[in-house]
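Colleague: Take a look and give me a structure for this.
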Amino acid sequence: MIFSGMASTYYYLAAPREHEILGWFRSQSDPPEEYPKEEGSALYFRHFGALAPDVNGGFDASRSPVVTVVEPQVRRKALWSIGEVHFLAKNASSALPAFDRLRKRFQKWIRQYPVAWDRKNDGVEGHGYYLEGGIKNIAEHVFVLPSASAALETGQYFVAHEEGNLDRICKTLRLRGVECD
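Modeller: Prediction:
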C-alpha cells in the first residue's frame, strides 16, 4: 500500500468471479457508478466530486474520486491472478477528503483479513511460496479474502495480473508436479 500524497493500491487473493471487493463498494451508503472493464471495474464516486479534466479532453484520474478494481482471473489452468484495488487520486486527504475517508474505511475492512504475504515479514506468514512471478516486487501486503482461504491452504498458486513470465512460471510449476497449460 502506498500513502502520503500518492495513490493507494491494495492487493488481495480471492476466488475468480466471487466479487467480494465489488460487494464491499456496492454496500456503501452512497455506492459508486460502476463502469465494467475487461479486467474488472472502474468505480466513480460522483458524490465526492467531479471528474477532473485533463489536457486531452478526458479526465485526470489522479485528481478524481475513482477506484479501479482488477478482479482475479484464472490463468493457465493452475494459476489465479491476484486482485488489485487502486485508489487513483493523489493528495486525496486535502483535495478529496470524503474520498480519502472511504479509502481509510476500505483499508480498515481489508486489514481484518489474514495476510498471505508481507514484504517486511517475508516467509513468516507461510504462504509466500504460492505467490509466483513478480508480485513480491510490487506489493507491500497481499490479503486473503474468504473465497481464497481454502484454495491457498490446498496449494493454489497466484501471479500478478500483468505477469509476463507465465511460460517460465508454468515450467517451474510442472517440475513441482503442477499441471499448468
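
Colleague: Contacts only, for Y11.
Modeller: Residues in contact with Y11 (CB atoms under 8 Å, 6 or more residues apart in numbering) are 82-84, 135, 139, 141-143. All C-beta atoms are positioned from the backbone trio N, CA, C, and that covers glycine.

Colleague: Could you single out the nearest of the residues you listed to R174?
Modeller: I135 (20.0 Å; CB to CB).

Colleague: re earlier: now render the contacts of Y11 as TSV, adding neighbour count and secondary structure.
Modeller: Shown next, in TSV, are those (neighbours: other CB atoms under 10 Å; DSSP: H, G, I helix; E, B strand; the rest coil):
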residue	neighbour count	secondary structure
I82	27	coil
G83	28	strand
E84	23	strand
I135	21	helix
A139	22	coil
H141	18	strand
V142	25	strand
F143	24	strand
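
Colleague: V67: which of the residues you listed is nearest?
Modeller: Distance ranking of the contacts of Y11 against V67, using CB to CB, places E84 first at 10.5 Å.

Colleague: Write down the beta-bridge partners of that closest one, one by one.
Modeller: Y11, V70 (DSSP bridges).

Colleague: just the strands in the chain please.
Modeller: For the chain, the strands defined by DSSP state E occupy 8-13, 33-37, 40-44, 66-70, 74-75, 79-81, 83-87, 115-118, 141-144, 157-159.

Colleague: what about the residue nearest to A61 when sequence neighbours are not counted, how many neighbours?
Modeller: Among residues not flanking A61 along the chain, L88 sits closest, at 4.1 Å (CB to CB, 6 or more residues apart in numbering). Residue neighbour count, defined by other CB atoms under 10 Å, stands at 19 for L88.
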